[in-house]
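> Generate coordinates for the sequence data below:
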Amino acid sequence: MITLGGTACTAPESLGAGVKGTPGAAGLRDPYFPKLGNGGYDVSHYALTLDYDPKTRHLAGTATITARATQDLSAFNLDLHGMTVHAATVGRAPAAVNRSGDELTLRPREEIAKGSTFRTVVRYSGSPLTITDPDKSREGWLNTADGAVALGQPTGSMAWFPGNHHPSDKATYETTVTVPKGLTAVSNGELRSQRPTPDGKRTTFVWRSAEPMASHAATVGIGSYVTRSYRPVDGGVPVYTAVDKTVAPRTAKLLARIPELMDWAVYNFGPYPFSSTGAIVERSDDAAYALETQSRAVFPEGSFDPETLVHEIAHQWFGDSVTPETWQDVWLSEGFATYAEWLYREDFENDPASESFREAYDTESSWEFPPAEQPDAEHVLGEPVYERGAMVLHKIREAVGDDAFYDIVQGWAKEHRHGNASTDDFIAYVEGKSGKDLTALWDTWLYGETKPEQP
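Numbers count the residues shown, from 1 in each chain. Below is the predicted model of the structure:
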C-alpha cells in the first residue's frame, strides 16, 4: 500500500522502469489558474465510488478514470486537494505515486503510448476540504446541517475526487454514493439504482451522466431531502428535485414552475442538451450561492427565486453544454445566463431588456474591467462578467435584429453542443452568421476599458 498525505513520497524503483515517454504537463496554463488541469491525456469517463459519513465527515473514495493519451506518457498528473491517497494503479499494475500540494503524479510501469486508452484507479480517503477562492467565496466540499454538498466552480471539485480539473476536459460520469440510512445522495444525470447495503444500515445511490460534463459542474448533495421525480404531462424533459426537508414547504410553488420555465428556455435557446433537469435546494446557511451544476443546479433557499432559477436553467445550454475553453471565456456563460434573466423580465414581467440594459449601464461596478479581460483570478467571476457580458449580447441583438439574434443564440448552442468554445470562436460565429463586421461593438462593449457614451 502506498500511503500519501500532503508531502512527496517516492515509490519503489521497479515501478516505471520500462517507461521511455515524457511526463504530461502539470497544468494547462489557464490564464488565471495555470496549474489547473493536466497535459498529456483526455479523460472520457469518471467512475466515482464514494462512502460518506456526515457524523465523522469521513469520505472513502475510489476514482476509476478512463482516458486517452495524447502523447507518449512516462508519467501524468491528477489534481487533488487534501485527502490521503492509499494506492493507485494504471492498467492492472501498481503505479508509483508522488504528491506535491494539489498535484498527484502517477508513474506507470510501462509507457502509455500516444493514442491508447488507459484506465487509472486511485483509492483515497479523508475529510474533504472547503476551498476559499481568491474572491473569498467558498467551494469544494461544504458541510451542511445534515450532510454535505459539493460545489466546484472554478477549482472545488478537486476537493472530493482526483481528476483533470480544467473545463476543457469534459467526460461522462457514473457516481456511486453510499450514505447512512435515512439520508439521500443526489448527483448529476439519472438515478440508476437505490439499494440498501447488506447490513441494512446504509443506502447506495448510483447516478449516471451520459453527456460530457466539465468537472466544475459535477456535484453530490447528501442530506434529508424531500425528493420528487416526474415527467411533465406534456412530455417535456424529466424532472428530479431534492429539497432540504426544512425548506421544502416554502419552495414547492417555484419548483412546480420548472417545466414551464424549461419550455420557455427551449423556445428561446433551442433543444435541451441533457436527458433530465431539476434542482437541489439547501438551507440558506448551507451554501452561499446558486451554481449551475449540470442537469441539476444547486440553490440555497435564500437565492431560490424565479430569476435565479432562470439564470441556472440557461446555464445548462451556456456553461454546461457549451463550456468555456478557459476561465477567461466565462463571460460566455455568465453573460448568456444574465441575459436570460433580462429576457424573463421581458416576457413575464413586461420589463423590456432595454431597461435591464440601462440599469446595468448605469451601475458603476459594471465598468470595473472588460468582461473578456478580467484583471486576475480574484475577478474571474466579477460583476462585469455578468452585467457587461449581458450588455454585449443586447448590443448584438440591436445590431442584427431579433430574428437574426435568436438564430445566433440557438445556432451557437447547437454548433458547440457538449463541447468547449472561446471568445474568439464566438466573435467569428456571430460575424459569420450575421454577415456584419462588429469590430466596433467588440472593441467598445467586450474589450473597452472605459464606459462609452450611450444615447
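
> Please count neighbours and contacts with C-alpha atoms only from this point.
OK.

> For residue 404, which non-adjacent residue is closest in space?
What sits nearest to residue 404 in space, not counting adjacent residues and going by Cα to Cα, 6 or more residues apart in numbering, is residue 434, at 6.9 Å.

> Next: residue 360.
Spatial nearest neighbour of residue 360, chain neighbours left out: residue 387 (6.0 Å); criterion: Cα to Cα, 6+ apart.

> Can you name the helix or strand that the one you found falls in?
helix 383-400 (DSSP states H and E).

> Which strands and helices lie in contact with that helix?
If contacts are counted by 3 or more Cα pairs under 8 Å, 6 or more residues apart in numbering; DSSP states H and E, helix 383-400 sits against helix 331-348, helix 353-361, helix 402-415, helix 439-441.

> and the angle from it to helix 402-415?
Relative orientation of helix 383-400 versus helix 402-415 (axes from the mean of the first three to the mean of the last three Cα atoms, to 10 degrees): 120 degrees.

> Give me the distance between residue 166 and residue 101.
Per Cα to Cα, to the nearest Å, residue 166 is found 17 Å from residue 101.

> scratch that, residue 53
25 Å.

> thinking again about what came up before, ok, and for the helix holding residue 387, which residues are buried?
For helix 383-400, burial by neighbour count (16 or more other Cα atoms under 10 Å) applies to 383-397, 400.

> Show me which positions of stretch 176-189 end up buried.
Neighbour-count burial for stretch 176-189 flags 176-180, 183-189 (criterion: 16+ other Cα under 10 Å).

> Max pairwise distance over those: which two?
Spatially, the most separated pair among the buried residues of stretch 176-189 is 180 and 189, at 21.9 Å (Cα to Cα).

> coming back round to it: my guess is the residue nearest to residue 404 contacts residue 400, does it?
Yes - in terms of Cα atoms under 8 Å, residue 434 counts as a neighbour of residue 400; the distance is 6.6 Å.

> between residue 166 and residue 101, which one's more packed in?
Neighbours of residue 166 and residue 101, each counted by other Cα atoms under 10 Å, are more numerous for residue 166; the result is 27 against 13.

> Look up phi and psi at the closest residue to that one other than its chain neighbours.
Excluding the flanking residues, the one nearest residue 166 by Cα to Cα, 6+ apart is residue 37, at 4.6 Å. Dihedral angles of residue 37 (phi, psi; degrees, to the nearest 10) stand at phi 80, psi 180.

> Do I have it right that residue 37 meets residue 162?
No - if you go by Cα under 8 Å, residue 37 and residue 162 don't touch, sitting 10.5 Å apart.

> Now list whatever residues contact both of those two.
Taking Cα atoms under 8 Å, 6 or more residues apart in numbering as the criterion, residue 37 and residue 162 both touch 78-79.

> Of those two, give the one with the bigger neighbour count.
For residue 37 versus residue 162, neighbours defined as other Cα under 10 Å are more numerous around residue 162 (29 against 25).

> Pull the contacting residues for that one.
63, 78-80, 122.

> let's go with 6 Å and repeat that
Neighbouring residues of residue 162 by Cα atoms under 6 Å, 6 or more residues apart in numbering: 78-80.

> Include secondary structure and neighbour count when you put the residues you listed into JSON lines, please.
Converted to JSON lines, the contacts of residue 162 look like this (DSSP: H, G, I helix; E, B strand; the rest coil; neighbours: other Cα atoms under 10 Å):
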{"residue": "78", "secondary structure": "strand", "neighbour count": "23"}
{"residue": "79", "secondary structure": "strand", "neighbour count": "25"}
{"residue": "80", "secondary structure": "coil", "neighbour count": "24"}
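
> would you list those residues in CSV and tack on pLDDT and distance to residue 132?
Shown next, in CSV, are those (pLDDT from 0 to 100; distance: Cα to Cα, whole Å):
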residue, pLDDT, distance to residue 132
78, 98, 20
79, 98, 17
80, 98, 15
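
> At which residues are the helices of the stretch 101-250 of the chain located?
Using DSSP state H, counting those that start in this stretch, the helices assigned to the stretch 101-250 of the chain run over residues 248-255.

> quick one, strands of it?
Listed in chain order, the strands of the stretch 101-250 of the chain (DSSP state E, counting those that start in this stretch) span 103-107, 117-126, 130-132, 138-143, 148-151, 171-180, 184-187, 190-196, 202-213, 220-223, 225-230, 239-244.

> Least reliable of these by average pLDDT, please.
Among the strands of the stretch 101-250 of the chain, strand 130-132 carries the lowest mean pLDDT, at a mean of 94.

> Does anything pack onto that one? Which helices or strands?
Judged by 3 or more Cα pairs under 6 Å, 6 or more residues apart in numbering; DSSP states H and E, strand 130-132 is in contact with strand 138-143.

> ok so, going back, nearest to residue 59, out of the strands of the stretch 101-250 of the chain?
strand 117-126 (5.4 Å).

> So in that sheet, which strands flank that closest one, and in what orientation?
Here strand 117-126 is paired, per DSSP bridges, with strand 58-69 (antiparallel), strand 84-90 (antiparallel).

> Could you check the angle that strand makes with strand 103-107?
130 degrees.

> could you dump strand 117-126 to PDB, C-alpha only?
The C-alpha coordinates for strand 117-126 follow below in PDB (Å, rounded to 0.1, in the frame of the first residue of the first chain):
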ATOM      1  CA  THR A 117      -6.800   4.300 -23.900                       C
ATOM      2  CA  PHE A 118      -5.800   3.500 -20.300                       C
ATOM      3  CA  ARG A 119      -7.600   3.100 -17.000                       C
ATOM      4  CA  THR A 120      -6.400   4.600 -13.700                       C
ATOM      5  CA  VAL A 121      -7.700   3.600 -10.300                       C
ATOM      6  CA  VAL A 122      -7.000   5.800  -7.300                       C
ATOM      7  CA  ARG A 123      -8.100   4.900  -3.700                       C
ATOM      8  CA  TYR A 124      -8.200   7.700  -1.300                       C
ATOM      9  CA  SER A 125      -9.900   8.900   1.900                       C
ATOM     10  CA  GLY A 126     -10.100  11.700   4.500                       C
END
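
> contacting residues around that strand?
58-68, 83-91.

> what about the protein, any weak spots by pLDDT?
In the predicted model of the chain, residues 1-19, 455 satisfy pLDDT under 70.

> Try it again at 80.
Low-confidence segments of the chain (pLDDT under 80): 1-20, 454-455.

> if we can go back for a sec, can you add distance to residue 74 and give the strands of the stretch 101-250 of the chain back as JSON lines?
Below are the strands of the stretch 101-250 of the chain laid out as JSON lines (distance: least, Cα to Cα, whole Å):
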{"stretch": "strand 103-107", "distance to residue 74": "6"}
{"stretch": "strand 117-126", "distance to residue 74": "13"}
{"stretch": "strand 130-132", "distance to residue 74": "31"}
{"stretch": "strand 138-143", "distance to residue 74": "30"}
{"stretch": "strand 148-151", "distance to residue 74": "32"}
{"stretch": "strand 171-180", "distance to residue 74": "23"}
{"stretch": "strand 184-187", "distance to residue 74": "34"}
{"stretch": "strand 190-196", "distance to residue 74": "37"}
{"stretch": "strand 202-213", "distance to residue 74": "27"}
{"stretch": "strand 220-223", "distance to residue 74": "33"}
{"stretch": "strand 225-230", "distance to residue 74": "46"}
{"stretch": "strand 239-244", "distance to residue 74": "43"}
